[in-house]
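Student: next input, structure requested:
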Amino acid sequence: MSKSRTLRSRLLLWVSAPLVALWIISTLIDHEVAKGFVNLNYDRALLDTALDLGRNVKESGDRLYIDLPQPVIEMLISDQQGQFYYRVNGPRGEFITGDIDLPEPPEEAKKGRVTYYDTQYRDKTIRAVAVRVPVRAGSGKGAVLIQVAEQVKFRTDFAWQIMLRMMMPQAILVLIATLAIWFGVGLGLRALTSMRTEIENRSHVDLSPIAETGAPVEVRPLVRAMNDLLSRLSAALAAQQRFIADAAHQLRTPVAAFKTQTELASRQVRDGNSEAAKATLTHLHTAADHAARLVNQLLTMARAEPGSHRSIMRQPIALAALACEVTREWVPRALSKQVDLGLDDAPATVEINADPFLIREMLSNLIDNAINYTAPEGHVTVRIREEDGNAVLEVEDNGSGIPENERDKIFERFYRTSESLPEGCGLGLAIVREIAQGHRATVAVQTGIDGKGTRMVVTFPLR
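Tutor: Below you'll find the model as predicted:
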């Protein structure tokens, strides 16, 4: 596993690496420039020396010689510092003076007046120039071949000296830039350090937003994302606390009823009053059913709350097929109450992204409410349709209906209307609203056909 790096080291790496690469490229270019500059000037020096020799070629009868002052001849033939070698050949190739073992020039030197070439001499690489100079203009006696050479090492050393003088200032600039980046990034990261300190000093219950005032522009999206996460976390914690408070409040009454009914049944059994004991046990069974229903609905509410694991589970659902399956499950209950429960033909292509468990719970609560508040011989109808790019789920009954002034309140937890049944918990429609909001859907209460009953309309965005 690779070691984790700090943000400062990463920024320094990404900024300094191009600087170092540019410095290396610049060094290579400087080397070529320096080498070209040195070669040009040294080649000119070689040519000047060869021309000086050529201008001093004299003839005496049939003999050619170099007419130069003795100090100059001594300088050339003494090989001062091992720099220069020279050789002069006559028109017929005869040796006149200089280093007799100096290699012959290439063939093209015999055709052109000036030829530069590299070769090996005395186990050293040399750079040489070959110049053809007429013996005497217009004499027709031909031209002498003058070769002047020097070791390449001196050129290379001089080129490196020039390049080093160019490299050092650039290297110092790269170092200064790297240090400036190091300290500059440190100063820029102080905002993150102060933000970290602020978060570390908070208590575990402080989920208030982080201030954006001192944060750099580049960091503000991160601050906003963290604030959004804190907001969602705060909502989830608030929902859990609200659920715990509601559950404790609602379960207190059934538990107290269990205790009272159990003590009463025990006393009646001791007194030999079996009929009264049977009635008490019947009430106890009813209270147990009510408590079980309350617990189930509280658990369903907890699953539908924001922040629960089911609130983010989504998959494609064929809404018509799910509605048909759920409606079929509620047919026995409807028959027991002599209520006609049916499903209108629905398009099979209506699909939404949702959690099947929660959508099933939503539809079950709507059908349960409709059956409970519909008189015998009444009817309950489930519909699925597509409208304006949305999927619409409807559950309609011809029961007593919901008064206009209570339609906004029925979705509140534990709210009970004046016509609520005693076995109800006041959570069914609250669960419907929570599930709808978690799926970006809306719930509306409308009056049924012919102005009777209630139509619950849930509108989902299509998949």
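
Student: quick check, central residue of this protein?
Tutor: residue 222 (12.3 Å; CA atoms, centre = their mean).

Student: which other residues reach the lengthiest strand in the chain?
Tutor: The longest strand of the chain (DSSP state E) is strand 124-134. Applying CB atoms under 8 Å, 6 or more residues apart in numbering, the set of residues contacting strand 124-134 from outside is 39, 42-43, 46-47, 50-51, 54-55, 57, 85, 102, 105, 109-110, 112-120, 141-153, 155. No exception for glycine: its C-beta is placed from N, CA and C like everyone else's.

Student: OK, contacts around residue 344?
Tutor: With contact set as CB under 8 Å, 6+ apart, residue 344 has these partners: 381, 382, 383, 384.

Student: an error on my part: the question was meant for residue 448.
Tutor: Residue 448 sits next to 396, 397, 398, 401, 454, 455 when contact means CB under 8 Å, 6+ apart.

Student: in strands, which of the residues you listed fall?
Tutor: Judged by DSSP E, these include 396, 397, 454, 455 as members of strands.

Student: which one among these gets closest to residue 31?
Tutor: Nearest to residue 31 among the ones in strands among the contacts of residue 448 is residue 455, at 86.9 Å by CB to CB.

Student: quick one: residue 443 is in a strand?
Tutor: Yes. Under DSSP: H, G, I helix; E, B strand; the rest coil, residue 443 sits within a strand.

Student: now do the helices in the protein.
Tutor: Listed from the start of the chain, the chain has helices (DSSP state H) covering 7-55, 70-77, 152-188, 190-200, 220-270, 274-304, 319-329, 331-336, 356-372, 428-438.

Student: from residue 340, how far off is residue 115?
Tutor: Distance from residue 115 to residue 340, counting by CB to CB, to the nearest Å: 115 Å.

Student: got it, and residue 325?
Tutor: To residue 340, residue 325 is 19 Å away according to CB to CB.

Student: on that earlier part again, select from the ones in strands among the contacts of residue 448 the one having the most neighbours.
Tutor: Top of the ones in strands among the contacts of residue 448 by neighbour number is residue 397, holding 27 neighbours under the definition other CB atoms under 10 Å.

Student: return the residues in contact with that residue.
Tutor: By CB under 8 Å, 6+ apart, the neighbours of residue 397 are 370, 371, 373, 374, 378, 379, 380, 381, 448, 453, 454.

Student: neighbours around residue 427, how many?
Tutor: Residue crowding around residue 427 was assessed by other CB under 10 Å; the count is 23.

Student: pLDDT wise, what is it at?
Tutor: Per-residue confidence at residue 427 stands at 70 (pLDDT).

Student: any idea how far it is from residue 147?
Tutor: Counting by CB to CB, the gap from residue 427 to residue 147 is 111 Å.

Student: coming back round to it: neighbour count for residue 115 and residue 340, which is higher?
Tutor: Using other CB under 10 Å as the criterion, residue 115 and residue 340 rank with residue 115 on top: 19 against 14.

Student: next up, the contacts around the closest residue in space to that one that isn't next to it in sequence.
Tutor: Closest residue to residue 115 apart from its sequence neighbours, by CB to CB, 6 or more residues apart in numbering: residue 109 at 4.0 Å. Contacts of residue 109 were listed using CB under 8 Å, 6+ apart, and they are 115, 117, 130, 132, 145.

Student: burial of residue 393, as a residue count?
Tutor: 27.

Student: residues in contact with the spatially closest residue to it that is not a sequence neighbour?
Tutor: Closest residue to residue 393 in three dimensions, ignoring its sequence neighbours and counting by CB to CB, 6+ apart: residue 458, at 4.4 Å. Residue 458 is in contact with 362, 366, 392, 393, 394, 432, 436, 441, 442, 443, counting by CB under 8 Å, 6+ apart.

Student: try it again with 7 Å
Tutor: If you count contacts by CB atoms under 7 Å, 6 or more residues apart in numbering, residue 458 has them with 393, 436, 441, 443.

Student: try residue 182
Tutor: For residue 182, counting by CB under 7 Å, 6+ apart, the contacting residues are residue 12.

Student: how close does it get to residue 189?
Tutor: Between residue 182 and residue 189 the computed distance is 11 Å (CB to CB).

Student: before we move on, what about residue 98?
Tutor: 72 Å.

Student: picking up where we left off before, pick out the shakiest of the helices of the chain, pLDDT-wise.
Tutor: helix 70-77 (a mean of 60).

Student: ok so, going back, give me the buried positions along the longest strand of the chain.
Tutor: 126, 127, 128, 129, 130, 131, 132, 133, 134 (16 or more other CB atoms under 10 Å).

Student: just to revisit the earlier point, buried only: go through the contacts of strand 124-134 for me.
Tutor: Of the members of those, the ones counted as buried by neighbours, 16+ other CB under 10 Å, are 39, 42-43, 46, 50-51, 54, 57, 85, 102, 105, 109, 115, 117, 143-151, 155.

Student: neighbours around the closest residue to residue 462 other than its chain neighbours, how many?
Tutor: In space, not counting the residues next to it along the chain, residue 462 is nearest to residue 391; the distance is 5.5 Å by CB to CB, 6+ apart. Residues within reach of residue 391, counting by other CB under 10 Å, total 24.

Student: for the remainder of this discussion, apply numbering that starts at 37.
Tutor: Sounds good: first residue 37 from here, last item residue 427.

Student: return the distance of residue 427 relative to residue 352.
Tutor: Applying CB to CB, the value for residue 427 to residue 352 is 12 Å.

Student: how near is the residue nearest to residue 133 when sequence neighbours are not counted to residue 138?
Tutor: Here the nearest residue to residue 133 in space, its sequence neighbours aside, is residue 124; by CB to CB, 6+ apart that works out to 5.1 Å. Summarising the geometry, the distance separating residue 124 from residue 138, computed by CB to CB, is 10 Å.
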